[in-house]
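# For reference, the sequence and a predicted model appear below.
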Protein chains: 2
Amino acid sequence: MDMPTFFSEAPPKAIILTIGDELLIGETIDTNAAWIAQQLYEAGIEVLHKLSVGDRREAIWQALQEEFFRADLLIMTGGLGPTSDDVTKKVLCEFFHTHLILHEPTLQHVASLLQQRGQEMLERNRAQALVPEGCTVLPNARGTAPGLWFERSEHICIALPGVPHEMRGLITEQVIPRLQEKWPSLQAIQHRYVITYGQGESKVAERLRSFEDNLPGNIRLAYLPGNGLLKLRLTCLHAKHIQMLDDLHQQLISLLADIVVGTENLPYEQLIARKLLERKAKLALAESCTGGYLAHLFTSHPGSSAYFTGSLVCYDPQVKVEWLGVPAGWITNPGVVSEPVARAMAEAIRQKLHADYALAITGWLGPDGGTPEAPVGTVWIAAAHQRQTISRRHQLRGDRQRNLQLSATHALHLLDELIRQIC
Amino acid sequence: MDMPTFFSEAPPKAIILTIGDELLIGETIDTNAAWIAQQLYEAGIEVLHKLSVGDRREAIWQALQEEFFRADLLIMTGGLGPTSDDVTKKVLCEFFHTHLILHEPTLQHVASLLQQRGQEMLERNRAQALVPEGCTVLPNARGTAPGLWFERSEHICIALPGVPHEMRGLITEQVIPRLQEKWPSLQAIQHRYVITYGQGESKVAERLRSFEDNLPGNIRLAYLPGNGLLKLRLTCLHAKHIQMLDDLHQQLISLLADIVVGTENLPYEQLIARKLLERKAKLALAESCTGGYLAHLFTSHPGSSAYFTGSLVCYDPQVKVEWLGVPAGWITNPGVVSEPVARAMAEAIRQKLHADYALAITGWLGPDGGTPEAPVGTVWIAAAHQRQTISRRHQLRGDRQRNLQLSATHALHLLDELIRQIC
């Protein structure tokens, strides 16, 4: 764990508890737990472990008993919504020796939410306004179930609804600010990021050996690899060290200049989106093997219509020929996964969708496909601008899903490279 | 929990333990735990809970101590790869009072894998062939780290590498068959599925009240809602009841005929893909608000090129006008999110991509956008065939991500409806 052990006192420790039968039968992937972990880590709180249990009283009770006194903070989600049988709230009452009372402000909030939606108030909606006496009620602007905050002998337990956007709103607007008030040392925590591409963790660590050896005791460096990128994070814990943090951030950027692709904590497609917006430039895509995934990455963020014109998912080779003018003969020779095809795709889609930049990709992600010249795992990527087209080949070794994610990262990097060349 | 409590003895119980610092800081979403949970559930094993801990010795040791004797089976992943410092293996040795020995077959396997990849054998590769003495080694065809199987007083602990496709291969080919051998009652477990669309869990449960009341004791029904669909699962535990299971499955399909979209446990896009393949029909898409996500759904499965020709992600309204012949005036009146635009998109893309069926979608997923006629959350979907075009409006209330998933399900359903109407 790279958590800052350089706190004057140890950092607050947290346990994340997610509740729901759907988690235990694998019908739902626990994205809530990952998102909460990220927010706590950012805020300077160390997550000891994550636990998921079913909706049964005994399981929740056992988890509370075993986990509550183990950490400074227990954050739990799930089992608070109007369709659940409120088992979580009952167990919390038992555990904290209290009982449910009507919370008038919540009742009014629920009533006004339902009125907005043109729905009538049912008994199960009214039940949302019942809260354990003595807990702090965290108002939920996005839904009917409020968050519940309990404190006992310096330990905190926070119960949140499991609906992702409600839970996220509560964490950002209620939980983190209140924790920062409770634990003032968290307020001063500052992070700076450097995102790199093209070198693995061990190689980068080697390059940074002397930088790390000379890091002052009040600044920490963490390595966070993922999806073909390596994120570096510098952290300081005191407002008085922010100037030093910024200087070290600049130093890190210079040291790794050849592999830095971003200096903020954003997904790669958003780093590129920002560059396109700054240049008032438009982007178009022609996707074969990524099958719409690249377009999905860009459009999953609000505001993408300001720079993204569209993508042609030209899965059938015939579409490449008819729509993008790839000569029909090229499909077999040099082959549909080849440099000329990728370049022709990029150049054509740029013009046809009236974009300034275009990115094209063709490849075999597996398990099927491949030719002697371009075996499974071969990917050709091209990025085009009016002034220049660049292209690159990658040979991937993962399964279909891993190859998809890696080829998306490689494609984003080639586009990024072109944007920087054109300037 | 809907786990079959109708075992002659109680079903075997499992705990899933995932290991990795990246899980505790939220950099990685724990898809491994969800996938394992699904496989165990399918096999008739009840998952008591899931736990994620960091790469530290103490955390793994504590988890082993607390969890191993709590369940019949502890499955752990992570911390076995060539770049980890093998902390998991060391802790396992300590816990099971054994030590590492060289496993010759694994060493030969590692050597031949590296040779295939043109890499030389490093010390850390050789270390992969060191295994705790006395455990059963589960050969890993896809990578260098084998699975490790320990047994103590009727409790089983299985340690697997964390690389998803290696872990999945080991579970499917090694772990499940060996567990079925160990616990013969699992061998007879059979499931039948019905996938429904359009009615919530409580509504469907109401419709099935008498069916459920009359279910024989040896057949169980489970409700698994998700992403706008509701999955129903019938389970029997003995080979002699399979005929009864099949009869009840047919009965369930008839009872819910108006909302059934599938009778197998497959994602909706694969249920549709199968229908298209049976009809030797091709599919094309025109996506505005889903921004490539629908295309990504279809192309994320191998073999999609047999029916999927492509998708035009026409994010910019101008692309709808120029490429799909939507009259320019329609963009403002009736508006880019409207029935005529969706229908025109579907009909044009069907012809232009030489497909038999086409699906088009235009909408405001939020948080930006919307007009008085089509506020945020409005989605228009159209499905086209040579003989007929159908269209439908939906009003969604989630955040951007939830609206994306729901509109994809609604779109798939409209396409499905058209396919059923045509033939």
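Yes, it's here. Numbers count the residues shown, from 1 in each chain, chains lettered A, B, ... in the order given.
# what's downstream of the helix or strand of chain A with the lowest mean pLDDT, the next helix or strand?
Of all helical and strand segments in chain A, the minimum by mean pLDDT, DSSP states H and E falls on helix A:123-126, at a mean of 82. The helix or strand immediately downstream of helix A:123-126 is strand A:130-132, counting by DSSP states H and E.
# So for stretch A:185-196, what gets flagged as buried?
Going by neighbour count (16 or more other CB atoms under 10 Å in any protein chain shown), the buried part of stretch A:185-196 is A:L186, A:I189, A:Q190, A:H191, A:R192, A:Y193, A:V194, A:I195, A:T196. All C-beta spots, glycine's among them, are computed from the backbone N, C-alpha and C.
# Bridged to the third one, which residues?
Right, the one you point to is A:Q190. The partner list for A:Q190 in beta bridges (DSSP bridges) reads A:C236.
# mind giving me the domain split of chain A?
Listed domain ranges for chain A are A:13-185, A:189-262, A:268-422 (source: automatic domain parsing).
# start to end distance for the second one?
Criterion CA to CA, to the nearest Å; first-to-last residue distance in domain A:189-262 is 21 Å.
# Okay, helices next: where are they in the stretch 101-250 of chain A?
A:104-116, A:123-126, A:164-170, A:176-182, A:201-207, A:209-213, A:242-255 (DSSP state H, counting those that start in this stretch).
# ok, and which of those has the densest surroundings?
Most buried of those by mean neighbour count (mean count of other CB atoms under 10 Å in any protein chain shown) is helix A:164-170; its value is a mean of 20.
# residues from the stretch 1-150 of chain A in reach of chain B?
A:1-2, A:21-31, A:33-41, A:47-56, A:59, A:63, A:83, A:117 (CB under 8 Å from any CB of the partner chain).
# possible to save the domains of chain A as JSON lines with distance to B:I419?
Output for those, formatted as JSON lines (distance: least, CB to CB, whole Å):
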{"stretch": "domain A:13-185", "distance to B:I419": "26"}
{"stretch": "domain A:189-262", "distance to B:I419": "36"}
{"stretch": "domain A:268-422", "distance to B:I419": "19"}
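# A:A257 versus the residue of the stretch 101-250 of chain A found nearest chain B, what's the distance?
Using CB to the nearest CB, the closest approach of the stretch 101-250 of chain A to chain B is made by A:H165 at 4.0 Å. In this view, A:H165 and A:A257 are 38 Å apart by CB to CB, to the nearest Å.
# still on that earlier bit, mean pLDDT lowest where, among the helices of the stretch 101-250 of chain A?
For the helices of the stretch 101-250 of chain A, mean pLDDT drops lowest on helix A:123-126, to a mean of 82.
# got any ranges where chain A has weak pLDDT?
Scanning chain A with the threshold set as pLDDT under 70 gives A:1-9, A:81-85.
# biggest helix in it, by residue count?
Ranked by number of residues, the top helix in chain A under DSSP state H is helix A:400-422.
# And that one, what does it pack against?
Helix A:400-422 sits against helix A:268-278, helix A:293-299, strand A:357-363, strand A:378-385, strand A:388-395, helix B:164-170, with contacts defined as 3 or more CB pairs under 8 Å, 6 or more residues apart in numbering or on different chains; DSSP states H and E.
# cutoff 7 Å now
Packing partners of helix A:400-422 (3 or more CB pairs under 7 Å, 6 or more residues apart in numbering or on different chains; DSSP states H and E): helix A:268-278, helix A:293-299, strand A:357-363, strand A:378-385, strand A:388-395.
# Which stretch among those is buried most, on average?
Among these, the stretch with the highest mean neighbour count (mean count of other CB under 10 Å) is strand A:357-363, at a mean of 29.
# got the angle between it and strand A:378-385?
In terms of direction (axes from the mean of the first three to the mean of the last three CA atoms, to 10 degrees), strand A:357-363 departs from strand A:378-385 by 170 degrees.
# Show me what strand A:357-363 is packed against.
With contacts taken as 3+ CB pairs under 7 Å, 6+ apart, strand A:357-363 sits against strand A:283-287, helix A:339-352, strand A:378-385, helix A:400-422.
# Can you list the strands that that strand pairs with?
Strand pairing for strand A:357-363, using DSSP bridges, gives strand A:283-287 (parallel), strand A:378-385 (antiparallel).
# For the last one, which outside residues touch it?
To tie it back to what came earlier, the one meant is strand A:378-385. By CB atoms under 7 Å, 6 or more residues apart in numbering or on different chains, the residues outside strand A:378-385 that reach it are A:289, A:337-339, A:342-343, A:345-347, A:350, A:356-364, A:389-396, A:407, A:410-411, A:414-415, A:418, A:422.
# swap in the shortest one?
Strand A:283-287 has contacts (CB under 7 Å, 6+ apart) with A:276, A:294-295, A:307-314, A:324, A:345-346, A:349-350, A:353, A:355, A:357-361.
# How far does it sit from its chain's centre?
Remark: strand A:283-287 is offset 23 Å from the chain centroid, using CA atoms, centre = their mean, to the nearest Å.
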